[in-house]
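K.L.:
Fold the stuff below for me.
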Amino acid sequence: MLKHRNRLLAAAFVLAAPAVLALAGAAGAGTHSQARPWPVLQVNHPAPAGAKPRPVGVAPLRVPNPGVYAAQKGAADAAAARRVGQAAPSAPAPLAPALLRNWAGVRDTTAAPSDSTGAIGTTRYIELVNSKAAIYSRTSNTPTASGPLLQLTGCVTTNCASDDVFDGQVIWDPGTNRFFYTTMNTVSSSANYLDFGFSTTATPTLSASSWCRYSLGFGSTLPDYPKLGDTKDFMLIGINKFAGNTFTGSAITWISKPPPGSSCPTTISKFGVTGNLKNANGTAAFTPVPANQTDSSSTGRAVARPASIPSGGATFLTLFKVTKAATGTATIPTTGTSVPVTAYKVPAMAPQPGTSFKLDTLDTRPTQAVSAVDPAHGGVTALWTQHTVFGGAGAQVRWYEINPATRTLIQQGTVTSSTLYNFNAAISPDRRVNGTTKKYGRDMVISVNQSSASVLPRIKAASKIGANPISGLTQVAASTAPDTGGDCIALGFCRWGDYAGASPDPAAPTSATAGQVWGSSMLSAAGGSSTSSGWTTRNFAIRP
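P.N.:
Predicted structure coming up:
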């Protein structure tokens with residue numbers, strides 16, 4: 001069956017019991033949260049020199065109903081096969097975005113998929129993959145620091161031998177001038193954690209003094225597919241909960257942001273997790289993605305899809321509102337509100353030339369979100385998000401700008417082709433917020449992967465300026481070989497993504513006509529084998 005993440009080497013599970021510090025917390029705080037024995041918060045140990053993540057076996061792409069998902073994926077593949085040779089749609093307006101930076105990113109031959117993402121700050125760009133981290137200056141293609149992801153996150157166990165960190169997320173917070181991160185950390189089937197933390201300055205390295213490192217323990221519950229966002233007051237981490245391979249619900253974990261200064265707090269004043277999230281019709285929600293908040297506000301949002309996709313397609317996304325209570329805890333109603341959208345279905349797998357292995361295009365879940373003021377639409381704080389759905393040659397990218405206050409679409413669009421599969425996208429507005437300087441925000445950049453039976457996977461990007469149509473696609477980089485890595489061999493298809501990164505530049509020049517968006521995405525690479533992955537990554541900066 002499908003897998004969410006694949007370590008290509010196997011090892012035994014070893015459980016080490018870490019010391020849990022007496023940190024303050026409110027596991028059930030907020031009028032709409034439910035008390036439970038987790039999460040349990042602790043400070044992580046710095047990773048010793050030479051520490052590497054613990055490799056594990058193949059894990060499935062975790063979905064609410066694997067049987068239904070397999071049938072939907074098969075139906076999408078069959079429908080895509082019937083579309084071959086259909087007429088192409090008319091070309092979009094040729095308003096090409098400007099590619100300002102473009103360089104090769106990090107590769108890890110021991111893991112798949114890449115889980116590549118990144119975030120731009122005022123002086124640094126951070127790229128995370130499974131299971132490595134790299135920190136770059138704004139002007140150099142050579143990392144100022146790079147190494148195992150454990151150097152960023154630290155370790156739950158004393159010597160890191162049982163820590164397995166993956167599914168990294170990183171954002172820049174203009175309000176605190178820090179980077180924030182989260183990852184999963186699976187020590188054993190009964191010891192699952194969310195690692196999280198923040199940089200002590202705007203110019204971190206991977207040294208122990210550069211990061212404040214913590215963990216939330218969830219016991220035997222796996223907090224799968226963590227997605228990181230924030231408000232003025234809280235870090236927000238959306239999770240899908242699994243007991244083994246059984247979906248038990250989705251939730252949002254919240255953690256109070258650190259006070260000013262560069263020291264690491266010995267206590268986290270407030271933290272907690274919601275009960276199971278529901279759509280407005282009472283059904284289960286899936287994959288809550290909190291927005292990375294560009295303009296500081298005590299009101300935040302997360303977007304999710306329904307856990308069940310009907311045969312005719314789902315017709316809404318669900319929003320969850322986050323506010324701060326008088327007690328300092330987060331209030332997050334567990335029943336969200338609906339945003340009506342055009343029906344969407346599970347996309348087909350994407351082919352690639354030179355091999356029969358197809359690329360996984362996921363299951364319509366949103367994969368990232370950014371919120372920012374949009375001066376072209378009355379100064380509303382809009383939420384931008386995207387997902388891959390069925391359409392075009394078999395997979396296309398649907399994007400949205402949502403007004404959360406009215407639960408309506410400000411605008412939407414589709415990146416599609418009758419001959420090319422489009423998938424694994426990331427979107428961001430060009431909003432610039434740096435201290436009291438705030439500018440731009442009406443324009444956006446979106447990146448996608450494309451492939452077909454005759455075109456190797458490539459990264460392309462489009463932009464949209466104000467009320468103009470979305471531009472044509474500009475090529476960022478192309479693969480030089482098909483993906484034939486160990487995940488492809490083990491599963492019969494290749495895991496891809498599971499997401500890409502896009503973030504607005506807080507230090508874009510103020511003299512330009514638009515801001516800038518920085519991104520990270522995945523390509524296939526030569527050298528894939530039963531013991532090696534077949535991917536690499538690319539980082540880039542684009543002006544709409």
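
K.L.:
can you map out the helices along the stretch 1-150 of the chain?
P.N.:
Here the stretch 1-150 of the chain has its helices, by DSSP state H, counting those that start in this stretch, at 66-82, 149-153.

K.L.:
elements contacting the shortest one?
P.N.:
Under the contact criterion of 3 or more CB pairs under 8 Å, 6 or more residues apart in numbering; DSSP states H and E, helix 149-153 touches strand 132-137, strand 165-173, strand 178-188, strand 191-199, strand 211-217. Backbone N, C-alpha and C define where each C-beta goes, glycine included.

K.L.:
Turn these into JSON lines, columns for mean pLDDT.
P.N.:
Supplementary listing: these in JSON lines, determined by pLDDT from 0 to 100:
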{"stretch": "strand 132-137", "mean pLDDT": "97"}
{"stretch": "strand 165-173", "mean pLDDT": "96"}
{"stretch": "strand 178-188", "mean pLDDT": "96"}
{"stretch": "strand 191-199", "mean pLDDT": "97"}
{"stretch": "strand 211-217", "mean pLDDT": "97"}
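
K.L.:
Of those strands, give the one that comes closest to A96.
P.N.:
Across the helices and strands packed on helix 149-153, A96 has its closest neighbour in strand 132-137 (24.9 Å, CB to CB).

K.L.:
Any idea how far that closest one is from the middle of the chain?
P.N.:
Per CA atoms, centre = their mean, to the nearest Å, the displacement of strand 132-137 from the mean C-alpha position of its chain is 17 Å.

K.L.:
Kindly provide the distance from T274 to C212.
P.N.:
Remark: distance between T274 and C212 (CB to CB, to the nearest Å) = 24 Å.

K.L.:
same check, this time on G249
P.N.:
Distance from G249 to C212, counting by CB to CB: 30 Å.

K.L.:
likewise F286?
P.N.:
Counting by CB to CB - F286 and C212 are separated by 31 Å.

K.L.:
same check, this time on K464
P.N.:
According to CB to CB, K464 and C212 sit 37 Å apart.

K.L.:
Between those two, tell me which one has more neighbours.
P.N.:
K464 (26 against 22; other CB atoms under 10 Å).

K.L.:
How many neighbouring residues does the residue nearest to that one when sequence neighbours are not counted have?
P.N.:
Spatial nearest neighbour of K464, excluding adjacent residues (CB to CB, 6 or more residues apart in numbering): I470 at 4.6 Å. Using other CB under 10 Å, I470 has 19 other residues around it.

K.L.:
where does this structure have its least confident helix or strand?
P.N.:
When the helices and strands of the chain are scored by mean pLDDT, DSSP states H and E, strand 4-7 comes last with a mean of 44.

K.L.:
What does the pLDDT read for the residue nearest to K464?
P.N.:
Here the pLDDT value assigned to I470 is 94.

K.L.:
just checking, it touches G413?
P.N.:
Yes. Judged on CB atoms under 8 Å, I470 makes contact with G413 at a distance of 5.3 Å.

K.L.:
shared neighbours, those two?
P.N.:
The contact sets of I470 and G413 overlap at K464 (CB atoms under 8 Å, 6 or more residues apart in numbering).

K.L.:
which SS class is P223?
P.N.:
P223 falls in the strand class when you classify it by DSSP: H, G, I helix; E, B strand; the rest coil.

K.L.:
quick one, what contacts it?
P.N.:
By CB under 8 Å, 6+ apart, the residues touching P223 are 184, 192-194, 216, 237, 239-241, 253.

K.L.:
any idea which of these is closest to N434?
P.N.:
Checking those against N434 by CB to CB gives I237 as the nearest, at 25.1 Å.

K.L.:
Look up the closest residue to that closest one, ignoring the ones flanking it.
P.N.:
Of all residues not flanking I237 in the chain, T253 sits nearest, at 4.4 Å (CB to CB, 6+ apart).

K.L.:
cool, T480 as well?
P.N.:
Closest residue to T480 apart from its sequence neighbours, by CB to CB, 6+ apart: A526 at 6.4 Å.

K.L.:
Repeat that for A376.
P.N.:
R442 is the one closest to A376 (CB to CB, 6+ apart), at 3.5 Å.

K.L.:
Check the spacing between the one you found and V415 real quick.
P.N.:
According to CB to CB, R442 stands 19 Å off from V415.

K.L.:
Looking at those two, which has the bigger crowd around it?
P.N.:
Under the neighbour definition other CB under 10 Å, R442 and V415 were set side by side, and V415 has more, 27 against 21.

K.L.:
Enumerate every residue touching the residue nearest to the more buried one when sequence neighbours are not counted.
P.N.:
Among residues not flanking V415 along the chain, V397 sits closest, at 4.2 Å (CB to CB, 6+ apart). V397 makes contacts with 386-389, 414-416, 422-423, 425, 446, 448, as judged by CB under 8 Å, 6+ apart.

K.L.:
switch the cut-off to 6 Å
P.N.:
Listed by CB atoms under 6 Å, 6 or more residues apart in numbering, the contact set of V397 reads 386, 388, 415, 422, 425, 448.

K.L.:
Could you tell me the model confidence score at it?
P.N.:
98.

K.L.:
who does V445 bridge with?
P.N.:
For V445, the beta-bridge assignment (DSSP bridges) gives partners S428, S463.

K.L.:
Distance check, it against G336.
P.N.:
For V445, the distance to G336 (CB to CB) stands at 28 Å.

K.L.:
which of these two has more neighbours?
P.N.:
V445 (29 against 24).

K.L.:
check contacts around that one.
P.N.:
Neighbours of V445 in contact, by CB under 6 Å, 6+ apart: 463, 517, 542, 544.

K.L.:
Repeat the analysis, applying 10 Å as the threshold.
P.N.:
By CB atoms under 10 Å, 6 or more residues apart in numbering, V445 lies in contact with 97, 426-430, 461-464, 471, 474, 502, 504, 514-519, 540-544.

K.L.:
Got the confidence number for it?
P.N.:
So, for V445, pLDDT stands at 98.

K.L.:
hang on, L236 packs against G272?
P.N.:
No. Taking contacts as CB atoms under 10 Å, L236 lies outside contact range of G272: 11.1 Å.

K.L.:
related to what we said a few turns ago, among the contacts of V397, name the ones in strands.
P.N.:
Among the contacts of V397, the members found in strands (DSSP state E) are 386, 388, 415, 422, 425, 448.

K.L.:
Widest-spaced pair of those?
P.N.:
So, the ones in strands among the contacts of V397 by CB to CB: farthest apart are Q386 and N422, at 10.5 Å.

K.L.:
Now the common contact residues for these two.
P.N.:
Common contacts of Q386 and N422 (CB under 10 Å, 6+ apart): 397-398, 414-415, 448.

K.L.:
between the residues you listed, which is nearest V322?
P.N.:
R398 (24.3 Å).

K.L.:
any idea how far P351 is from that closest one?
P.N.:
Distance of R398 to P351, computed by CB to CB: 21 Å.

K.L.:
Over to G67?
P.N.:
From G67 to P351 the distance is 24 Å (CB to CB).

K.L.:
who has more neighbours, these two?
P.N.:
For G67 and P351, the more surrounded residue by other CB under 10 Å is P351, and the numbers stand at 22 against 9.

K.L.:
Now stretch 319-331: buried residues?
P.N.:
For stretch 319-331, a neighbour-count test (16 or more other CB atoms under 10 Å) marks 319-324, 329-331 as buried.

K.L.:
go on, stretch 256-266?
P.N.:
Buried residues in stretch 256-266 (16+ other CB under 10 Å): 256-258, 264-265.

K.L.:
Okay, and which of those map to strands?
P.N.:
Among those, the residues falling in strands (DSSP E) are S256.

K.L.:
okay, who's weakest in the buried residues of stretch 256-266 by pLDDT?
P.N.:
Among these, P265 has the weakest pLDDT, 91.

K.L.:
and the gap between that residue and Y421?
P.N.:
46 Å.

K.L.:
And L473, by the same measure?
P.N.:
For L473 relative to Y421 (CB to CB), the value is 13 Å.

K.L.:
Roughly how far does the residue lying closest to G217 once chain neighbours are set aside sit from T253?
P.N.:
Nearest residue to G217, sequence neighbours excluded (CB to CB, 6+ apart): V40, at 4.1 Å. According to CB to CB, V40 and T253 sit 12 Å apart.
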